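>>> missing the sequence, but the structure's below:
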């Protein structure tokens with residue numbers, strides 16, 4: 001197989017998957033942003049209810065700027081929700097907020113993959129900002145050792161993205177169980193939240209596939 005074909009596969013297909021995943025999460029979130037839960041809860045209220053039921057009253061809930069910038073920060077045990085999630089009373093908002101609360105529960109439970117992920121954060125940040133230069137310079141100058149260094153840095157980022165997958169899947173699973181068991185969502189509302197979180201999960205899958213494909217491509221290129 002030629003490098004041109006490999007390049008098309010390594011870049012083109014993951015790009016299409018990424019675009020599909022982004023469109024799916026956007027359309028699914030928008031669809032269920034039009035549906036209000038029967039209890040009228042906002043995302044922030046739902047997250048608080050999940051945290052309280054899990055015995056985690058010490059987690060703060062903050063509002064952050066942006067759209068779908070929601071995240072849990074284990075350093076200060078804060079759950080940060082964007083305005084379309086924290087302040088909104090919709091199925092999408094409740095699902096995403098409960099998902100972030102799921103991360104807080106993971107942290108409290110000492111969930112293994114989350115611990116590994118946090119350990120890899122500095123590795124991923126360092127590798128994501130530096131890997132490209134030694135790979136390109138090494139390929140241009142014929143310095144295989146420099147290319148190897150760059151690929152090792154990039155491999156750290158790929159590993160981080162791989163470990164992220166079970167962390168995100170588990171947080172969604174915890175969220176859906178909590179929402180259903182506590183009666184925060186009922187009937188078809190749970191299915192709506194599941195679709196929102198499933199769509200979001202595909203963005204993580206697409207990111208991992210794209211990075212893995214790039215790593216394989218540059219590895220094969222360096223061996224020619």
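Sure, I can see it. Remember, predicted model here, so these are calculated numbers, not experimental data. Numbering: from 1, shown residues only.
>>> could you point out which element follows the lengthiest helix in the chain?
Determined from DSSP state H, the single longest helix within the chain is helix 144-181. Sequence order places helix 188-222 as the next helix or strand after helix 144-181, per DSSP states H and E.
>>> Pull out the buried positions in that following helix.
189-190, 192-215, 217-218, 222 (16 or more other Cβ atoms under 10 Å). The way it works is simple: take the backbone N, C-alpha and C, and place the C-beta from them, glycine included.
>>> what residue ranges in the protein score low on pLDDT?
Along the chain, segments meeting pLDDT under 70 span 1-3.
>>> What number of residues are in the vicinity of residue 75?
6 (other Cβ atoms under 10 Å).
>>> what's the helix or strand for it?
Here residue 75 is assigned to no helix or strand, by DSSP H and E.
>>> quick one, phi psi at it?
Per-residue torsions, residue 75: phi -70, psi -40 (degrees, to the nearest 10).
>>> Tell me the gap between stretch 163-175 and the middle of its chain.
Computed by Cα atoms, centre = their mean, to the nearest Å, the separation of stretch 163-175 from the middle of its chain amounts to 9 Å.
>>> Same question for stretch 52-59.
With Cα atoms, centre = their mean, you get 23 Å for stretch 52-59.
>>> Show the end-to-end separation of it, please.
9 Å (Cα to Cα, to the nearest Å).
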